[in-house]
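**Student:** This is the structure alone, sequence omitted:
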Ligand SMILES: Cc1cc2nc3c(=O)[nH]c(=O)nc-3n(C[C@H](O)[C@H](O)[C@H](O)COP(=O)(O)OP(=O)(O)OC[C@H]3O[C@@H](n4cnc5c(N)ncnc54)[C@H](O)[C@@H]3O)c2cc1C
């Protein structure tokens with residue numbers, strides 16, 4: 001007889017009660033037919049109702065936190081496309097932005113994702129798009145929703161650097177027909193592609209998987225850190241934006257009940273990832289969202305600095321775009337034809353050039369962090385490079401991340417001036433021979449302002 005496996009077994013594989021290998025992707029919640037799981041958005045964890053579990057094992061089988069079969073994922077993509085050792089399989093690479101200046105300015109990078117989502121809805125290519133929306137009871141937290149309204153899509157632009165259980169929408173998809181577009185982080189794409197390969201009917205409704213390139217995510221505590229810094233409580237917050245304070249690239253910003261806006265700068269907030277990085281993100285090897293239809297990220301190329309500027313002289317956002325599938329490429333070409341977006345075809349090397357630090361951190365450093373990790377997911381089909389570049393740097397940075405995640409360090413950093421963490425990280429990078437890119441030029445300019 002087949003042994004039954006339930007969520008309790010999954011908790012053990014996730015590393016015990018604290019579930020360090022869970023990054024709140026939401027897949028288990030989305031799949032549970034017994035409603036034995038629900039999301040605790042504030043804690044960033046699924047909550048288990050033991051009595052309801054029938055040990056069907058679906059949550060266990062599809063949890064990307066404990067296991068990813070890259071061989072199987074690669075088999076779905078390679079062979080049909082060109083392959084770059086960093087980018088993975090791709091059909092075409094572009095730099096680009098929305099042709100609507102407002103959408104571009106309000107976006108995280110070039111507003112490409114928002115523009116394409118609007119295009120999909122307007123052209124009726126989908127019945128709706130799945131994006132994070134503020135939790136009605138606690139507006140500083142996000143939950144996934146199926147959205148058809150263009151204004152709502154516009155309002156949802158910008159990256160949300162916090163854990164959002166987007167894959168829990170699989171529950172919502174059970175109740176609807178049609179085809180949908182979804183925006184996902186690389187880890188969430190892993191589960192969705194596995195489900196699609198297994199013929200899961202709800203996952204197959206996700207015709208357009210738009211992936212966000214992901215260097216790291218942050219625990220919700222990073223947002224609380226920001227609130228404390230600007231002397232506000234959670235209850236006062238009616239909206240939170242992560243790339244809105246000041247001009248592009250924009251920092252963490254809170255809209256309060258009384259209409260007032262408060263926030264902290266991009267360069268102060270950005271480095272909090274060394275302190276509030278979720279454990280599972282530390283040992284994630286997928287930077288470019290290798291299994292999405294299209295992957296989107298910032299573009300930090302020196303040659304783009306000054307090419308399109310706002311009234312303070314700072315460059316407007318550009319996106320790096322990697323089209324990986326026919327579906328993705330067709331969508332981009334269609335939006336281009338309708339003049340909704342601007343695209344410039346580039347060589348993959350120009351995409352990689354934007355991210356020397358992130359490529360090194362995620363694609364080389366991963367092997368160091370994984371080797372020393374206490375709890376490890378099982379990854380099949382990951383090739384360890386013969387030589388890991390900047391070994392010492394990754395080893396020391398891993399220690400920084402371990403130190404950063406301790407309660408003592410978090411209390412310490414909360415008591416220090418905002419500039420202190422920036423000072424620490426900047427000097428650490430300098431000491432370790434980190435080569436600045438266009439992003440550092442912008443950050444430096446902003447700092448002076
Ligand atoms: C946690 C995280 C880490 C990232 N790390 C990097 C990085 O290291 N390097 C890099 O180049 N780019 C990174 N990105 C991607 C980048 O910040 C932009 O999101 C991306 O370039 C798209 O910009 P855009 O202007 O085209 O999108 P926009 O027009 O701003 O639209 C973004 C869309 O994505 C949705 N969205 C935002 N956050 C999430 C989320 N967490 N889950 C699901 N949907 C979401 C929004 O609701 C919106 O619909 C990261 C994004 C996130 C969320």
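**Tutor:** That came in fine, so what should we check first? Bear in mind that the values here come from a model prediction, so they are computed numbers and not experimental data.

**Student:** Where does residue 334 sit: helix, strand or coil?
**Tutor:** With DSSP: H, G, I helix; E, B strand; the rest coil as the basis, residue 334 sits in helix.

**Student:** swap that for residue 129, please
**Tutor:** strand.

**Student:** what's the strand or helix carrying residue 320 packed up against?
**Tutor:** Secondary structure from DSSP states H and E places residue 320 in strand 319-323. Under the contact criterion of 3 or more Cβ pairs under 8 Å, 6 or more residues apart in numbering; DSSP states H and E, strand 319-323 touches strand 92-98, helix 112-122, strand 294-298, helix 326-337, helix 348-353. C-betas here are computed from N, CA, C, even on glycine.

**Student:** What strands line up against it, and which way round?
**Tutor:** strand 92-98 (antiparallel), strand 294-298 (antiparallel) (DSSP bridges).

**Student:** what's the average pLDDT for it?
**Tutor:** If you average the pLDDT over strand 319-323, you get 97.

**Student:** can it be found next to the ligand?
**Tutor:** Yes - applying Cβ under 6 Å from any ligand atom, one finds strand 319-323 touching the ligand at residue 319.

**Student:** got the angle between that strand and helix 112-122?
**Tutor:** 60 degrees (axes from the mean of the first three to the mean of the last three Cα atoms, to 10 degrees).

**Student:** now the angle between helix 326-337 and strand 319-323, please.
**Tutor:** 130 degrees.

**Student:** ok, back up a step: okay, the helices and strands packed on strand 319-323, which one's buried deepest?
**Tutor:** Mean neighbour count (mean count of other Cβ atoms under 10 Å) peaks for strand 294-298 among these, with a mean of 26.

**Student:** So what touches it?
**Tutor:** Taking contacts as Cβ atoms under 8 Å, 6 or more residues apart in numbering, the residues outside strand 294-298 that touch it are 108-109, 112-113, 116, 210-213, 249, 288-289, 317-325, 328, 331-332, 351, 354-355, 439.

**Student:** thought residue 30 was touching residue 174?
**Tutor:** No - applying Cβ atoms under 8 Å as the test, residue 30 and residue 174 come out as separate, 9.0 Å apart.

**Student:** Compare those two (neighbour count), which wins?
**Tutor:** Just comparing residue 30 and residue 174: by other Cβ atoms under 10 Å the higher neighbour count belongs to residue 30, 28 against 12.

**Student:** Now do the same contact list for the more buried one.
**Tutor:** Contacts of residue 30 by Cβ under 8 Å, 6+ apart are 165, 167, 168, 169, 170, 171, 202.

**Student:** With pLDDT and distance to residue 23 as new columns, can these be given to me in a markdown table?
**Tutor:** Output for the contacts of residue 30, formatted as a markdown table (pLDDT from 0 to 100; distance: Cβ to Cβ, whole Å):
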| residue | pLDDT | distance to residue 23 |
| --- | --- | --- |
| 165 | 98 | 9 |
| 167 | 98 | 11 |
| 168 | 98 | 13 |
| 169 | 98 | 16 |
| 170 | 98 | 17 |
| 171 | 98 | 19 |
| 202 | 98 | 21 |
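
**Student:** export the residues you listed to a markdown table and tack on distance to the ligand?
**Tutor:** Below are the contacts of residue 30 laid out as a markdown table (distance: Cβ to the nearest ligand atom, whole Å):
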| residue | distance to the ligand |
| --- | --- |
| 165 | 10 |
| 167 | 10 |
| 168 | 12 |
| 169 | 10 |
| 170 | 14 |
| 171 | 17 |
| 202 | 17 |
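
**Student:** Sort out for me which of these are in helices.
**Tutor:** 169, 170, 171 (DSSP state H).

**Student:** Going by distance to residue 417, which of those wins?
**Tutor:** Using Cβ to Cβ, residue 169 comes nearest to residue 417 of the ones in helices among the contacts of residue 30, at 40.5 Å.

**Student:** what's around that closest one, how many residues?
**Tutor:** So residue 169, with other Cβ under 10 Å, has 24 neighbours.

**Student:** I figured it hits residue 182, correct?
**Tutor:** Yes - counting by Cβ under 8 Å, residue 169 touches residue 182, with 7.3 Å between them.

**Student:** Mutual contacts of those two, please.
**Tutor:** residue 130.

**Student:** interface residues of the stretch 1-150 of the chain facing the ligand?
**Tutor:** So far as Cβ under 6 Å from any ligand atom goes, the stretch 1-150 of the chain lies against the ligand at 107, 108, 109, 110, 111, 112, 113, 114, 117, 131, 132.

**Student:** Swap in 5 Å and give it another go.
**Tutor:** Proximity of the stretch 1-150 of the chain to the ligand, by Cβ under 5 Å from any ligand atom, involves residues 107, 108, 109, 111, 112, 113, 114, 131.

**Student:** Mind putting these into JSON lines with pLDDT?
**Tutor:** Shown next, in JSON lines, are those (pLDDT from 0 to 100):
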{"residue": "107", "pLDDT": "93"}
{"residue": "108", "pLDDT": "92"}
{"residue": "109", "pLDDT": "92"}
{"residue": "111", "pLDDT": "96"}
{"residue": "112", "pLDDT": "97"}
{"residue": "113", "pLDDT": "98"}
{"residue": "114", "pLDDT": "98"}
{"residue": "131", "pLDDT": "98"}
